[in-house]
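Novice: Whatever this is, show me its structure:
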Amino acid sequence: FFLLNVRIYLFPWVSLSPVPILSRTRSVSESDSSSFSLPSTFSAPTFLKNFYQGSSRPLPLADSATPKSNGEGRKRTFSGCSTDSLNTGGPPLTPRRVSWRQKIFLRVASPMNKSPATMQQKDRLDGNDLLPLSPLAPAVEEDPLATLLQPEELPAGERPKRTPEELRVLWKKAIHQQILLLRMEKENQRLEEASRDELHTRKIKLDYQEVGQCPKDVLAAWDKRLSVPVRAKTKCDMEEIHSALSQGVPKTRRGEIWQFLSHQYRLRHRLPCKQQPPDLSYKELLKQLTTQQHAILVDLGRTFPTHQYFSAQLGAGQLSLFNLLKAYSLLDKEVGYCQGISFVAGVLLLHMSEEHAFEMLKFLMYDLSFRKQYRPDMISLQIQMYQLSRLLHDYHRDLYDHLEDNEINPSLYAAPWFLTLFASQFPLGFVASVFDLIFLQGTDVIFKVALCLLSNHESRIMECDTFETIVDFLKCTIPNLTVAQMEKTISQVFEMDISKQLHAYEVEYHVLQDEMLEASPPPDDSDRLEKLERANNQLKRQNMDLLEKLQAARLKIQNLEHNMENFLTRESKMKHLIRSLEQEKATYQKTIERMRSCLPPDMLSDVELTEMKYNPNVKAKPGNKKP
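Specialist: Presented below is the predicted three-dimensional model:
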């Protein structure tokens, strides 16, 4: 009876003859008298174990006391289901071929390497307790395999018989769930690959040398602050934040720290309604077209041309940068796009996603008022240049006089520092530390960093005695800072406070401007003066463009020089290899000549004939031919 159920279970479409059924029943009954206990390594299907344990009948096993592998357990299962394996008196036969249905059955229904107690405990579970494998399947649907397993409490005569159609439906359900499992495994693999790609991209983004090392206790303190659920609405002690920031910032969490600092700033400073940006989402802005598209595309290759994330033409970095600049140009119609914003946006993209970078760019432009220096009139930039000149005049008079004697205005060297926030010329690790301070203290940081850089190099600047040497030193030598110089500059910026002086200089600039307007020429010359001012502003913009192009050209020249050095090194190695090969060839030729001289004339002629046979270009010597 049992084997009939197994045959129907495995092959529900095959009609069984009555003769094999009787023979199988008789062969099983002959072994009723022997007692049997299941070994711990037995790997037959669970419902077969339950059947034999409930009926106290032995399973037909070969060498059951010896532990076997999973593959051998499957073979014993197949032999236990066959007709010949139940005949105890006959000689052992080889098991039949495993069909594809049996393979599916073993994958779905056979638990391997489980103890009998564990399998019995699993068999007592109700099928309705199992969670559905598919979100589309109802939660109360019973497991098709659980319905195949017969409960132990029912005697053999009361077990319900299933029709071939019901078994076929159960098989379909089991196979469908197996397919769902395979799909879930593929989806998990895809998610793992996407996670690996994301980690690789993040590693490329953060490929720069940090300024100083962040201690473990400071890292733990940052983790604690960033793990607060409502950190965007909770005010923190700014002295503690200032102290933690001075001890170091982990670059892996720098983007989150910038967002945290922006939230703290907004909790303490509310932007007036008139100065707030339009309420437009990043995704909505990307769907629109901008008139600044050409200018943005031209500057993509100039923004961090040596960084791996932005160096690939129209790669992931350049596409993200284009989207960010395009969205901001549509958000801020007055500023649109200006050279310099691309470097600021690039630094943000290296530490966070596009949408978060867009929010932080809005914070820098609107909340910290950096957008003023990018307006078409550039009045704010002129005020900043005046403030920097006044700081040099008051605190470093000798350096100021030296620069004035050589007619070097701050706009020649400091304008790119202010417009790109030092990102266009200085190392990324130093720029990231400057951004940490900007998010903490605001626009004053730019003046502090510029003043510290000039004061730390004052003695070397004083040694330059011409216009060209001074400008070259300010643009090329100062940006190549060592790690010790970076740490010294950042520590000096933390200790410096010049907010009152900057405010006084700004008021002084406006007073001087009003005096100039009062002493302006008659109205007849006002048009000419406006034209000159517009021409002057245009020339300043062109000067800025040329400065950035010059910087990019210098970077390209450095790359080409490096490549040329590599080519020359390879060329010298190849020449050395060619000389060694030529020497080796000459040695081989001498060896061949010696061998020829040692050979008798008969063998030498045979060798020459062999050479002519395999190499037609070789001609035999007339004196060595056979007669």
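Novice: in this structure, which ranges drop under the pLDDT threshold?
Specialist: Where the chain drops to pLDDT under 70, the residues are 1-159, 520-525, 607-627.
Novice: tell me the strands in it, going along the chain?
Specialist: Using DSSP state E, the chain contains no strands.
Novice: and stretch 469-486, which residues are buried?
Specialist: Neighbour-count burial for stretch 469-486 flags 470, 473-475, 478-479, 481, 485-486 (criterion: 16 or more other Cβ atoms under 10 Å). Glycine gets a C-beta too; all of them are placed from N, C-alpha and C.
Novice: Go through those residues and say which is closest to Glu256.
Specialist: Met486 (22.7 Å; Cβ to Cβ).
Novice: I'd guessed that closest one sits against Val431; true?
Specialist: No: Met486 lies out of contact with Val431 (Cβ atoms under 8 Å); the separation is 10.0 Å.
Novice: before we move on, back to that, among the buried residues of stretch 469-486, which lie within helices?
Specialist: Members of the buried residues of stretch 469-486 lying in helices (criterion: DSSP state H): 470, 485-486.
Novice: Turn the residues you listed into TSV, including distance to Leu539.
Specialist: Shown next, in TSV, are those (distance: Cβ to Cβ, whole Å):
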residue	distance to Leu539
Ile470	21
Gln485	34
Met486	34
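Novice: so which of these comes closest to Arg196?
Specialist: Within these, the smallest distance to Arg196 is 32.6 Å, found for Met486 (Cβ to Cβ).
Novice: So the closest one versus Tyr265, what's the distance?
Specialist: Applying Cβ to Cβ, to the nearest Å, the value for Met486 to Tyr265 is 25 Å.
Novice: same check, this time on Glu166
Specialist: 69 Å.
Novice: got a markdown table for the buried residues of stretch 469-486, with distance to Ser572 too?
Specialist: Output for those, formatted as a markdown table (distance: Cβ to Cβ, whole Å):
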| residue | distance to Ser572 |
| --- | --- |
| Ile470 | 39 |
| Phe473 | 34 |
| Leu474 | 38 |
| Lys475 | 34 |
| Ile478 | 35 |
| Pro479 | 33 |
| Leu481 | 34 |
| Gln485 | 36 |
| Met486 | 37 |
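Novice: Please name the residues that touch Ile498.
Specialist: 391, 444, 447-448, 451 (Cβ atoms under 8 Å, 6 or more residues apart in numbering).
Novice: Of the residues you listed, which is the nearest to Leu547?
Specialist: Nearest member of those to Leu547, counting by Cβ to Cβ, is Phe447, at 20.0 Å.
Novice: Once you drop chain neighbours, what's closest to Phe430?
Specialist: Met486 (4.7 Å; Cβ to Cβ, 6 or more residues apart in numbering).
Novice: Tell me how many other residues surround Gly317.
Specialist: Close neighbours of Gly317, defined as other Cβ atoms under 10 Å, add up to 23.
Novice: Would you enumerate the residues in contact with it?
Specialist: By Cβ under 8 Å, 6+ apart, the contact set of Gly317 is 307, 309-311, 346, 349.
Novice: on contacts alone, who are the packing partners of the lengthiest helix in the chain?
Specialist: Taking DSSP H as the criterion, the chain has its longest helix at helix 526-598. With contacts taken as 3 or more Cβ pairs under 8 Å, 6 or more residues apart in numbering; DSSP states H and E, helix 526-598 sits against helix 415-420.
Novice: Now do the buried residues in the helix it packs on.
Specialist: Quick answer for helix 415-420 (16+ other Cβ under 10 Å): 415-420.
Novice: Counting neighbours, what do you get for the closest residue to Thr420 other than its chain neighbours?
Specialist: Distance criterion Cβ to Cβ, 6+ apart; nearest residue to Thr420, sequence neighbours excluded, is Phe343 at 4.0 Å. By other Cβ under 10 Å, the residues close to Phe343 number 24.
Novice: repeat for Glu240
Specialist: Neighbour tally, Glu240, other Cβ under 10 Å: 11.
Novice: Equivalent analysis for the one 10 residues further on, please.
Specialist: Residue crowding around Pro250 was assessed by other Cβ under 10 Å; the count is 15.
Novice: and if you look at the one 10 residues further on?
Specialist: Summarising burial for Phe260: neighbours were counted as other Cβ under 10 Å, giving 20.
Novice: Ile557 too?
Specialist: Neighbours around Ile557, by other Cβ under 10 Å: 10.
Novice: ok, now how distant is it from Leu512?
Specialist: For Ile557, the distance to Leu512 equals 42 Å [Cβ to Cβ].
Novice: was I right about Glu355 contacting Tyr282?
Specialist: Yes: shown here, Glu355 and Tyr282 form a contact pair, counting by Cβ under 8 Å, at 5.0 Å.
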